[in-house]
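In: return a 3D structure for these sequence lines:
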Amino acid sequence: MDRLQNIETFVRVAQTQSFAEAARQLRVAKSVVTTRVRQLEDYLGGPLFHRSTRVVRLSELGQAYLRDCTELVGRANDIVDQMREVRGTPAGSLRVHALTGLVLGHFGSLLREFQAAYPEIRLDLIVSDAVVDPVQAGVDCALQIFPAASTELISRPLFPVRRVFCATPKYLRAHGTPKEPRDLHEHRLGLYSGYPTRDRWTFHREGQQFTMYLNAPLLTNSVHLLREYALEHAGIVCVPTLVAGEAILRGDLKIVLPAHQLSSFWLSAVYAETSRNAFKLKLFIEHIAAEFNRVPPWDAALIERKLMPQGLIEE
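Out: Below you'll find the model as predicted:
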């Protein structure tokens, strides 16, 4: 019996609350997971889980040992990573979940440079706008603008995600340019449906703030679709500058209500404290932090052209 391997399997089942999901994440058959847990239970002399056809719950014995087992697995993985660090050749797989709006247009060169620096690390990048718990999803890290789903997760802020209302000059000539936030009610709007603030929008100007609710005829979880919608002269949209920045600099889109700032979210790396790939994850996060600092390049260009204020309003 590989006791450490069995303990790691127990921890994975407890975190995912599923033998099948644990098997998928560990890339073994479900029967292998069942056998490993049973071997550990036989060694301890009691059940670690209460099982039914739909629910997997920790037993009293499992609850008593889960924290220590989680720390043990994390420490064991740290030791292996440190040994690889001494050799100077970090290797293995790293699974990352990232927002679509982040990776399209800004991530290709970053990935190329990371792989050039660490050629033996295999990246498995899942791209979607879904909000995930990295443990439940079986990834080492989630790059997202949403708060961590659990207090047991670590959230490291990387850079701010600014949002602006914008439209094409052609649309604004035809329908007028809003002077105050309430003027947005008179326009066809396209809004992102997944912000934590939902339909509530708060505008900041000269130390004052104004909150209102907006009803948009177009809601979508794709910020890229919103940009294309605006470029078709269809209406005013609210999109992150990391998606609209180039179009604004070209003059294809114009920022609406530039003196009324929206609060910014932070793109954060969310991961478990006991990540199996802590060393490789640290290298990846540091690489992102170095590439996109607290004023990412798409914002720096807009600020330099005085198209957007330098000050940041944080959510």
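In: what sits up against stretch 166-176?
Out: Identification of contacts with stretch 166-176 by Cβ atoms under 8 Å, 6 or more residues apart in numbering yields 183, 186-187, 230-231, 233-239, 244, 247-248, 251-256. Using the backbone N, CA and C atoms, a C-beta is placed for each residue, glycine as well.
In: now do the buried residues in that stretch.
Out: Neighbour counts over stretch 166-176 (16 or more other Cβ atoms under 10 Å) mark 166, 167, 168, 171, 172 as buried.
In: between those residues, which sits nearest residue 140?
Out: residue 166 (34.9 Å; Cβ to Cβ).
In: look at the closest one and tell me its secondary structure.
Out: Of the three states, residue 166 takes strand according to DSSP: H, G, I helix; E, B strand; the rest coil.
In: adjust the sequence numbering to begin at 321 for everything that follows.
Out: With the count now opening at 321, the last piece we talked about shows up as residue 486.
In: so what's the residue nearest to it when sequence neighbours are not counted up against?
Out: Among residues not flanking residue 486 along the chain, residue 573 sits closest, at 4.4 Å (Cβ to Cβ, 6 or more residues apart in numbering). For residue 573, the contacting residues are 486, 487, 488, 547, 550, 551, 564, 567, taking Cβ under 8 Å, 6+ apart as the criterion.
In: what's the answer for residue 522, then?
Out: 529, 530, 531, 582, 583.
In: which one of these is nearest residue 360?
Out: residue 583 (47.9 Å).
In: could you tell me the phi and psi values at the closest one?
Out: phi -70, psi 160 (degrees, to the nearest 10).
In: can you check residue 559 too?
Out: phi -140, psi 160.
In: partner residues bridging it?
Out: Beta-bridge partners recorded for residue 559 (DSSP bridges): residue 484.
In: can you give me the distance of it to residue 579?
Out: 18 Å (Cβ to Cβ, to the nearest Å).
In: my read: residue 354 touches residue 339, true?
Out: Yes - with contact defined as Cβ atoms under 8 Å, residue 354 reaches residue 339; the gap is 6.1 Å.
In: between those two, which has more neighbouring residues?
Out: residue 339 (20 against 16; other Cβ atoms under 10 Å).
In: next one: phi and psi at the more buried one?
Out: phi -70, psi -40.
In: just give the closest residue to residue 329, not the sequence neighbours.
Out: The shortest distance from residue 329 to any non-neighbouring residue, by Cβ to Cβ, 6+ apart, is to residue 356 (4.2 Å).
In: number of nearby residues for that neighbour?
Out: Applying other Cβ under 10 Å, we find 25 residues neighbouring residue 356.
In: that one reaches residue 326, doesn't it?
Out: Yes - between residue 356 and residue 326 a contact is recorded at 4.4 Å, counting by Cβ under 8 Å.
In: hmm, back to that, element containing the residue nearest to residue 329, please.
Out: helix 350-364 (DSSP states H and E).
In: sheet partners, orientation included, of the helix or strand following that helix?
Out: Next along the chain after helix 350-364, taking DSSP H and E as the criterion, comes strand 369-371. Here strand 369-371 is paired, per DSSP bridges, with strand 376-378 (antiparallel).
In: okay, the buried residues of stretch 486-496 in CSV with pLDDT and distance to residue 435 next?
Out: CSV is the format used below for those (pLDDT from 0 to 100; distance: Cβ to Cβ, whole Å):
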residue, pLDDT, distance to residue 435
486, 98, 34
487, 98, 39
488, 98, 38
491, 97, 41
492, 97, 43
